[in-house]
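Participant: my questions are about this predicted structure, shown below with the sequence.
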Amino acid sequence: MANCGFAARSTGAREGRSGLVADRRVPETVHALVMGRAIYTPLKMDKGYNAATFAGPDQVLASGYIWDEYRKQLAFKPLS
């Protein structure tokens, strides 16, 4: 399912979340322009950490339009 592009809200890794300490350079909220249909699997803890993940399904859309099915799939996935 392709999309034309939208602004998405994501959250930076924070202390206590997945046992990781936040990188101080990553703000708590990040807005990103999303185009395409790729959705990535989060990294396992032994492979590194996800500096930012998309917000939950009800908060991920910051601006524009996103298909309901894609919005649900994108929630909590890593920002690439």
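Facilitator: Received it, and whenever you're ready, just let me know what you need.

Participant: Pro57 and Arg71 touch, don't they?
Facilitator: Yes. With contact defined as CB atoms under 8 Å, Pro57 reaches Arg71; the gap is 5.6 Å. (C-beta placed from N, C-alpha, C; glycine too.)

Participant: compare neighbour counts for the two and give me the winner.
Facilitator: Arg71 (20 against 15; other CB atoms under 10 Å).

Participant: that one belongs to a helix, doesn't it?
Facilitator: Yes. Counting by DSSP: H, G, I helix; E, B strand; the rest coil, Arg71 is found in a helix.

Participant: was I right to think it contacts Val60?
Facilitator: Yes. The criterion here is CB under 8 Å, and Arg71 meets it with Val60 at 5.9 Å.

Participant: quick one, what contacts Val60?
Facilitator: Contacts for Val60 (CB atoms under 8 Å, 6 or more residues apart in numbering) come out as 8-10, 54, 66, 71, 74-75.

Participant: and which of those is nearest to Val34?
Facilitator: Closest approach between the contacts of Val60 and Val34, by CB to CB: Ala8, at 4.8 Å.

Participant: how many neighbours does that closest one have?
Facilitator: Residues lying near Ala8 (other CB under 10 Å) number 22.

Participant: for Ala52, same thing?
Facilitator: Ala52: 19 neighbours (other CB under 10 Å).

Participant: tell me the secondary structure for the residue of the chain most remote from its centre?
Facilitator: Farthest-out residue of the chain from its mean C-alpha position, per CA atoms, centre = their mean: Asp46, at 19.9 Å. Assigned with three-state DSSP, Asp46 falls in the helix class.

Participant: show me where this protein has helices.
Facilitator: For the chain, the helices defined by DSSP state H cover 68-74.

Participant: I'd say Gln73 and Ala38 touch.
Facilitator: No. Counting by CB under 8 Å, Gln73 stays clear of Ala38, with 10.9 Å between them.

Participant: before I go, just wanted to say thanks for your time.
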